[in-house]
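S.K.: Have a look; sequence and predicted model below, questions after that.
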Amino acid sequence: LFYQSTGGSKWSKSTNWLKDGISICMWYGITCASEEGGSGETVTKIELSSNKLSGTVPPAIYQLPNLKSVDVGNNKVGFEFRGIDMARVLDSLFLDRTKVTSLDGIGKASRLTTLHLQNNNFEGAPIPEDLYNLGNLESLYLSDSNLGGTLSPDIRKLDDLEEFYCHGNSLTGTLPPELGSLPNLKVLQLSENLFVGEIPREFDGLASLESLFIDSFTRNSVGLSGPVPDFNNLEYLTEINLNSNSLTGTIPDDFLINLKNKKARVVVGLQDNQVSGKLPQGLSRFSKLSIDVSGNMITRIDNSLCQLEDWQGGDVA
């Protein structure tokens with residue numbers, strides 16, 4: 001059924017599919033494992049990315065009792081979530097660059113830890129509330145998929161989340177303070193959206209955060225406003241991109257003061273904001289800082305900063 005429903009005769013590769021006497025575990029793109037008790041083999045993965053699939057992946061795949069991962073990315077193929085609750089051990093879905101247009105039913109995939117949905121077209125629809133029921137998610141990729149609306153406070157329910165990529169959509173409104181209640185989040189990529197307002201103080205609760213991207217080079221929007229946060233409770237944040245917003249005030253002297261590894265390379269992008277004053281002497285605590293403050297109203301750089309040879313990738317003048 002899968003083969004026929006996805007145009008199998010026109011796939012790039014279909015070695016052994018539907019051949020008499022050939023185990024399904026020998027079909028191209030199928031991975032199996034031994035069943036418990038040694039009674040045979042069972043399908044655990046379907047990996048058919050970039051293989052010229054078409055049509056729609058049939059929900060019948062959810063009846064495979066030990067299916068853990070499905071990857072049909074980079075195919076012009078539809079995908080339905082109806083019946084996904086039957087796939088009781090499914091933990092990974094890779095659906096980037098497909099013809100998925102609706103996420104109806106996704107909330108019943110309760111075991112998912114990885115969900116890739118980048119480069120699709122959801123026609124300006126908001127991220128469905130259903131998705132926030134996936135409490136085991138660790139990696140969520142939604143970039144460049146024509147999503148709109150606001151980012152729901154229900155994001156707090158994804159408290160296992162480690163990576164959230166939602167670049168290049170049309171999300172509007174303010175950043176929900178509830179984002180700050182994700183203790184395991186390491187990467188937050190929200191660039192090229194239409195967010196406004198201040199960065200919530202609650203972001204200090206992102207105890208594991210390493211990379212923060214909320215820049216907006218291509219959008220005709222005022223972007224984020226308010227003062228540059230000090231981020232002084234974040235111990236692992238070494239990559240900050242807040243370019244092309246409307247941040248104001250000065251760079252705090254205690255900026256990232258509690259970073260654990262001050263010898264690590266730290267990259268800070270504040271290009272094209274409305275930041276004023278001087279680059280504070282306190283930044284000298286970082287051995288390898290690259291900071292871009294061009295397009296602001298910086299009036300002075302503390303002399304001590306010009307002596308740091310490993311700053312700016314070694315290009316300090």
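M.R.: That came through, no problem.

S.K.: and residue 305, helix, strand or coil?
M.R.: Following DSSP: H, G, I helix; E, B strand; the rest coil, the label given to residue 305 is helix.

S.K.: quick one: pLDDT of it?
M.R.: In this model, residue 305 is scored at 73, pLDDT.

S.K.: and the residue positioned nearest the centre of the chain, what does it touch?
M.R.: The centre of the chain sits closest to residue 165, judged by C-alpha atoms, centre = their mean, with a distance of 1.8 Å. Residue 165 is in contact with 118, 140, 141, 142, 143, 187, 189, counting by C-beta atoms under 8 Å, 6 or more residues apart in numbering. No exception for glycine: its C-beta is placed from N, CA and C like everyone else's.

S.K.: Emit the PyMOL select command for whichever of those residues are buried.
M.R.: Here is the PyMOL command that selects the buried residues among these (16 or more other C-beta atoms under 10 Å):
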select buried, resi 118+140+141+142+143+187+189
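
S.K.: Out of the contacts of residue 165, list just those in helices.
M.R.: Secondary structure from DSSP state H places none of these in helices.

S.K.: Any buried residues in stretch 45-53, and which?
M.R.: Applying 16+ other C-beta under 10 Å to stretch 45-53 flags 45, 46, 48, 49, 51, 52, 53 as buried.

S.K.: which ones among those are found in strands?
M.R.: Among those, the members found in strands (DSSP state E) are 45, 46.

S.K.: For the buried residues of stretch 45-53, give me CSV that also has distance to residue 147 and pLDDT.
M.R.: Putting these into CSV (distance: C-beta to C-beta, whole Å; pLDDT from 0 to 100) gives the following:
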residue, distance to residue 147, pLDDT
45, 28, 98
46, 26, 98
48, 25, 98
49, 22, 98
51, 26, 98
52, 27, 98
53, 24, 98
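
S.K.: So which of the buried residues of stretch 45-53 is the closest to residue 249?
M.R.: Top of the list for closeness to residue 249, among the buried residues of stretch 45-53 and by C-beta to C-beta, is residue 49 at 46.4 Å.

S.K.: one step back: bridging residues for the residue nearest to the centre of the chain?
M.R.: Judged by DSSP bridges, the bridge partners of residue 165 are residue 141, residue 189.

S.K.: re earlier: for the contacts of residue 165, which one is nearest residue 243?
M.R.: Looking across those and measuring by C-beta to C-beta, the closest to residue 243 is residue 189, at 13.4 Å.

S.K.: which residues does that closest one contact?
M.R.: 143, 164, 165, 166, 167, 211, 213.

S.K.: Any stretches of the stretch 201-317 of the chain with poor pLDDT?
M.R.: 307-317 (pLDDT under 70).
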